[in-house]
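**Q** Got a predicted structure plus its sequence, pasted below:
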Amino acid sequence: MSDKQELMLIESTLLPEIRQLIDQSRQRAAVAVNAELTMLYWDVGSAISEMLGGQRAEYGREIVTQLANVLTAEYGRKWGVSTLRHCLRAVEAFPDREIVYALRTQLSWTHLRKIIFIEDPLKREFYTEMCRLEGWSTRQLNERIQSMLYERTAISKKPEKTIQSDLEILRADGKVSADLAFRDPYVLDFLGLADTYSENDLESSILAELQCFITELGTDFAFIARQKRIVIDDRDYYIDLLFFHRRLKCLVAIDLKIGEFEAGFKGQMELYLRYLEKHERVEGENLPVGLILCSGKNEEHVELLRLDEANIRVAEYMTQLPSPELLRQKLHESIERARAKALMDQEDASDA
């Protein structure tokens with residue numbers, strides 16, 4: 001065998017295998033180093049917190065500053081005041097060492113450093129578990145926090161006990177509830193649509209940016225078909241988009257609408273769902289779910305039609321992301337309104 005033939009053989013067979021071995025070893029080493037660093041930072045924060053006890057804030061700041069001066073002199077600038085404060089905050093956010101130990105190989109210290117400064121405990125747990133489950137990079141985590149993913153997820157509009165229960169099931173069993181899987185509104189600013197567009201323009205843009213659309217939907221959504229043709233009584237109907245959700249184990253039919261939600265949309269989606277249930281659902285799958293995406297949403301229509309009972313969800317979509325202040329105000333109002341209604345429903349049920 002000539003030298004050229006030997007080189008070709010090495011490049012085609014041996015080299016890819018060795019590259020894979022090296023890359024896998026580097027990845028395992030990086031995970032191990034990160035895991036050790038995460039526990040180190042938490043343990044440092046725990047030691048400082050224990051020493052401070054209930055001391056006043058001014059005393060705590062002085063101790064941290066003096067400690068940082070000593071540590072930076074011995075170990076370098078990375079052990080400055082900022083790092084020590086992050087260590088302390090990590091202990092405040094995650095007081096249970098076992099939880100941090102379990103997360104150490106799944107989330108980097110950079111992930112945790114972003115999560116620990118989320119004040120709301122439920123929101124913090126949401127981002128922790130979803131980040132772990134879907135394997136977000138630190139950039140993706142930051143983008144989802146900035147786009148207020150928690151507030152846009154259906155679970156945020158439920159009573160706190162429901163949120164806590166769903167998050168505990170997610171952490172313990174990796175099971176995602178429908179309220180964790182669906183959002184409202186969906187931000188589709190990546191489509192680049194003009195001020196006026198048709199339903200066909202919307203659908204075509206989604207297919208052209210399918211990867212971004214799935215990222216916005218959630219990584220468990222798997223694309224199946226566009227304009228899925230179904231035949232009922234010799235009449236043709238077309239489901240705009242058909243997906244499968246891996247963790248919910250069900251088909252998800254998506255209907256795209258221009259304008260506000262109308263009562264007639266329910267009957268159309270129910271027809272799709274019953275067809276899918278009868279002809280497309282396979283053994284082991286749950287009942288299909290319908291998602292009607294509208295550019296506007298009439299809350300009272302949605303409430304009176306009892307869409308949840310029909311396994312149908314309605315959500316708005318935004319083709320342009322509003323200012324953070326406007327989005328925050330809109331979402332907080334929606335959350336407060338939904339939670340107030342849920343509490344009223346609970347009180348009515350108790351009285352009955």
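**A** Structure received.
**Q** Look at Phe223 and give its secondary structure.
**A** At Phe223 the chain is in strand, as set by DSSP: H, G, I helix; E, B strand; the rest coil.
**Q** Model confidence for the residue nearest to Gly60 when sequence neighbours are not counted, exactly?
**A** Distance criterion Cβ to Cβ, 6 or more residues apart in numbering; nearest residue to Gly60, sequence neighbours excluded, is Leu52 at 5.0 Å. For the C-beta atoms, the positions are set from N, CA and C on the backbone; glycine is no exception. Looking at Leu52, its pLDDT is 84.
**Q** is it true that Leu52 touches Arg61?
**A** No: using Cβ atoms under 8 Å, Leu52 is not in contact with Arg61; the gap is 10.1 Å.
**Q** higher neighbour count, those two?
**A** Leu52 (15 against 12; other Cβ atoms under 10 Å).
**Q** Shouldn't Leu241 be within a strand?
**A** Yes: counting by three-state DSSP, Leu241 is located in a strand.
**Q** what's the neighbour count on it?
**A** If you count neighbours by other Cβ under 10 Å, Leu241 ends up with 24.
**Q** residues contacting Ser147?
**A** Going by Cβ atoms under 8 Å, 6 or more residues apart in numbering, Ser147 touches Val187, Leu321.
**Q** If we ignore the residues flanking it in sequence, what's nearest Lys257?
**A** Counting by Cβ to Cβ, 6+ apart, the nearest residue to Lys257 once its immediate chain neighbours are dropped is Cys294, at 4.6 Å.
**Q** quick one, strands of the stretch 1-150 of the chain?
**A** Per DSSP state E, counting those that start in this stretch, the stretch 1-150 of the chain carries no strands over any range.
**Q** Revised request: answer the last question for the stretch 151-300 of the chain.
**A** 186-187, 221-232, 235-245, 250-256, 289-294.
**Q** Tell me which of these sits nearest to Leu305.
**A** strand 289-294 (10.8 Å; Cβ to Cβ).
**Q** Give me the mean pLDDT for that closest one.
**A** pLDDT averaged over strand 289-294 gives 95.
**Q** That one: partners in the sheet, and parallel or antiparallel?
**A** Strand pairing for strand 289-294, determined by DSSP bridges: strand 250-256 (parallel), strand 312-318 (parallel).
**Q** Now do it and strand 235-245, the angle between them.
**A** Counting by axes from the mean of the first three to the mean of the last three Cα atoms, to 10 degrees, strand 289-294 lies at 100 degrees to strand 235-245.
**Q** show me where pLDDT drops low in the protein?
**A** Within the chain, the ranges that satisfy pLDDT under 70 run 1-6, 9-10, 54-57, 59, 342-343, 345-352.
**Q** what residue is smack in the middle of it?
**A** Nearest to the geometric centre of the chain sits Met130, at 5.1 Å (Cα atoms, centre = their mean).
**Q** quick one: contacts for that one?
**A** Neighbouring residues of Met130 by Cβ under 8 Å, 6+ apart: Trp136, Arg144, Leu149, Leu180.
**Q** how far away is Phe202 from Leu327?
**A** Just to correct that, residue 202 is Leu rather than Phe. In this view, Leu202 and Leu327 are 21 Å apart by Cβ to Cβ, to the nearest Å.
**Q** My guess is Ala68 contacts Lys78. True?
**A** No: assessed by Cβ under 8 Å, Ala68 is found out of contact with Lys78, at 10.6 Å.
**Q** Those two: which has the busier surroundings?
**A** Ranked by neighbour count (other Cβ under 10 Å), Ala68 and Lys78 place Ala68 first, with 18 against 9.
**Q** Look up how far Asn286 lies from the more buried one.
**A** According to Cβ to Cβ, Ala68 and Asn286 sit 54 Å apart.
**Q** And Ile254, by the same measure?
**A** Distance, Ile254 to Asn286, by Cβ to Cβ: 17 Å.
**Q** Compare the two (neighbour count), which wins?
**A** Using other Cβ under 10 Å as the criterion, Ile254 and Asn286 rank with Ile254 on top: 23 against 14.
**Q** Report the beta-bridge partner residues of that one.
**A** With DSSP bridges as the criterion, Ile254 is bridged to Leu241, Leu291.
**Q** Likewise for Ile230?
**A** Tyr237.
**Q** right, and it touches His279 too?
**A** Yes: the criterion here is Cβ under 8 Å, and Ile230 meets it with His279 at 7.5 Å.
**Q** Which one's more surrounded, those two?
**A** Ile230 (17 against 10).
**Q** So what's the residue count around Leu251?
**A** 25.
**Q** One more: the one 10 residues further on?
**A** A count of neighbours around Phe261, defined by other Cβ under 10 Å, yields 23.
**Q** Ala178 too?
**A** Counted with other Cβ under 10 Å, Ala178 comes out at 18.
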